[in-house]
Structures are given as structure tokens and as C-alpha cells.
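Participant: Here is the input, now give the coordinates:
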Amino acid sequence: MSKLDNPLNIYKLLPKSNCKLCGVATCLAFAAAVIRGDKRLKECPHLENNTIEELEGKIIRQMTPEEHLKQVLVPLKEEIVKVDFSASVKRLGAKLSGDKITIKCLGKDFTVDSKGTVISDCHINVWVIVPLLNYIIRSAGIDPSEKWVPFRELSSDTVWDSFFEQRFEKPLKQLIDSYPDLIEDLIYIFNGKPVETSFTSDISLVLYPLPKIPLLICYKKPEEDLESKLNVFFDSTAGDNLQIDSIYRLCVGLLVMFQKISSRHI
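Facilitator: Purely as a prediction, here's the structure:
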């Protein structure tokens, strides 16, 4: 076996006794942890030292999503050098700050230089930086139509739709369920605007993660035997101003921000 690049390859080498002596519940979970880099083979007490030495160098650790995004940043920073900031202000709904461009993200200033370096008083995470640079490079600059559509209507690629539901919609619903004051925080901290819509909800809130990428969150509180309901909508022009993968990543970045806010208050 030349490479060990998935959990099943590791699992085949383990005793499959689920003894938990490694600190993990099952041998399969331990194998997955080894591939992620969270565990080392030597933490399994049933493997011989010579076996561990032989196999350790063959393990190919999987990159985390954050590590992958850091690699994605490299070509983006090369592309952004070609962007004429002064000619892009209107297209992006931004303003020029000397030789840099400043864009509002959730009501906060994010300043970007020609090398793709991002500066802000707000918490910055790689999930937001990648979509921000993509927006600067590729946005068509189309003004919002004020027609709201679900994420699935922005693209025919159902893979991203599944990611969006699992990594953003469901966790956001759970977060608001456990911390109802989050809605108020989104209004006051991130310049959210309550709006009236035709959708059934107790509150409908518009946020602007980027100037021409408005986001509508509709939340209905739980009632008696009915659980809460959350739906997220985008302006129909969102796909023209930001690629579908970056829209997904931008939302995950927002969720990270929201989780940090709620963790300070819960």
C-alpha cells in the first residue's frame, strides 16, 4: 500500500475492537481523526512500533476547508493586481481610499489593497475574504432587482444547494432557536433592516454581506407543537455579481461571525 489517503485505508490496519484506549469512540472514528491530522497512529496501543514507523510516512492528511480556502486565495491575489480600483468603484458599490478600495460588508468597512490584503475593524475570516476578492474581480455590477429567490434558484448545481442547507441554513436556524436575541444583534451590529414581505414569518430581515448581494432572512418562531422555521433568500441578480461557490462561502463566513457573537452572550 503506497498511500493512506482515506479513513478506510487506515481502518483496515486497526484491530476494530473499539476499545476506546486512543480516546476516540470507535476505530473508524480514530481512522478519520488520523487522516484529519487530529490523531497519530502511535495513539493506538494495539499497533506495533515497526508497523507505525512503516505507515506514518504514507499517510496523506486531508486539508480542512479553511486550509483549502487559503490555497484558493493565492491565485485570487494574483488576479486582483489586474483590477483597476478607480474604475471599479461604481461597479462594486464601493469607494476609493487612496490606492485602496473600501467595501461595506455587513455595514462594516473592509479595505483591500492591490495585493489582496484585507483590513477591517470587524472580525475577518477566510470564508469572507475569498468571496470578497471574487466579488471585486468578477462582479458584473448589476443593481439588485428586489426579487427574492431561494439559493437553489441561483444555480442548477444541486451539490452547492445541499452544502448551503447543511452548512448555513440549518445551523443558523439552530443558532437563532437557542439565542433569539441574535436577530436584534444582526439589526444593531450589522445594520440589518426589518422589512415586510409576502413570506410567512414573524420577522424578515435584510442584510448586506456585500453592497450588491442582499440577503433576506425570514424566521418564524416555534409555536406549541410546531417547530421554528427559517428560510434564506437572495436577490435574483446575486449569481451575476458573485459565483455560486462564493455565495455559499460568504454565508458560511457570516455564520462564523454570528456564532462568535452568540457565544459571547450565551
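
Participant: all contacts plus neighbour counts: C-alpha atoms, from now on.
Facilitator: Will do.

Participant: Please determine how far the residue lying farthest from the centre of the chain is located from Lys42.
Facilitator: Most distant from the centre of the chain: Asn50, at 41.3 Å, with distances by Cα atoms, centre = their mean. Here the criterion is Cα to Cα, to the nearest Å. By it, Asn50 lies 10 Å from Lys42.

Participant: residues near Thr51, how many?
Facilitator: By the measure other Cα atoms under 10 Å, the count of residues near Thr51 is 12.

Participant: Would you indicate which residues of the strand or helix carrying Lys260 are buried?
Facilitator: With elements taken from DSSP states H and E, the one containing Lys260 is helix 244-265. Neighbour-count burial for helix 244-265 flags 244, 246-259, 262 (criterion: 16 or more other Cα atoms under 10 Å).

Participant: chain center to stretch 72-91: distance?
Facilitator: Its chain's C-alpha centre and that of stretch 72-91 lie 21 Å apart, by Cα atoms, centre = their mean, to the nearest Å.

Participant: shift numbering so it begins at 43
Facilitator: With the count now opening at 43, the last piece we talked about shows up as stretch 114-133.

Participant: Lys235 against Ile245, yeah?
Facilitator: No - in this structure Lys235 lies outside contact range of Ile245 using Cα atoms under 8 Å: 10.3 Å.

Participant: low-scoring stretches of this structure, by residue?
Facilitator: For the chain, the stretches with pLDDT under 70 are 43-44, 307-308.

Participant: show me where this structure has strands.
Facilitator: 137-139, 142-147, 150-154, 160-162, 190-192, 235-236, 245-252, 255-262, 271-277 (DSSP state E).

Participant: got TSV for those, with mean neighbour count and distance to Lys215 too?
Facilitator: Below are the strands of the chain laid out as TSV (neighbours: other Cα atoms under 10 Å; distance: least, Cα to Cα, whole Å):
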stretch	mean neighbour count	distance to Lys215
strand 137-139	15	34
strand 142-147	20	22
strand 150-154	20	24
strand 160-162	15	27
strand 190-192	17	16
strand 235-236	16	17
strand 245-252	21	13
strand 255-262	21	8
strand 271-277	20	6
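
Participant: can these go into TSV with extra columns for distance to Trp169?
Facilitator: Shown next, in TSV, are the strands of the chain (distance: least, Cα to Cα, whole Å):
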stretch	distance to Trp169
strand 137-139	23
strand 142-147	13
strand 150-154	14
strand 160-162	13
strand 190-192	21
strand 235-236	23
strand 245-252	12
strand 255-262	16
strand 271-277	18
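
Participant: Quick one: closest of these to Leu214.
Facilitator: Leu214 sits nearest to strand 271-277 of all the strands of the chain, at 8.2 Å, using Cα to Cα.

Participant: Quick check: can you name the pairing partners of that closest one and their directions?
Facilitator: strand 190-192 (antiparallel), strand 255-262 (antiparallel) (DSSP bridges).

Participant: where does the closest residue to Ser156 other than its chain neighbours sit relative to Lys142, distance-wise?
Facilitator: Counting by Cα to Cα, 6 or more residues apart in numbering, Ser156 lies nearest to Val123, which is 5.2 Å off, once chain neighbours are set aside. Here Val123 is placed at a distance of 11 Å from Lys142 (Cα to Cα).

Participant: Okay, helices next: where are they in this protein?
Facilitator: For the chain, the helices defined by DSSP state H cover 49-53, 69-78, 91-98, 107-122, 127-134, 168-180, 200-206, 212-220, 224-231, 280-283, 286-307.

Participant: Make a markdown table out of those and add distance to Phe241.
Facilitator: Shown next, in a markdown table, are the helices of the chain (distance: least, Cα to Cα, whole Å):
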| stretch | distance to Phe241 |
| --- | --- |
| helix 49-53 | 44 |
| helix 69-78 | 42 |
| helix 91-98 | 55 |
| helix 107-122 | 34 |
| helix 127-134 | 29 |
| helix 168-180 | 28 |
| helix 200-206 | 20 |
| helix 212-220 | 16 |
| helix 224-231 | 17 |
| helix 280-283 | 19 |
| helix 286-307 | 21 |
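
Participant: how does this structure divide into domains?
Facilitator: Here the domain parsing of the chain from automatic domain parsing is 49-98, 107-180, 190-307.
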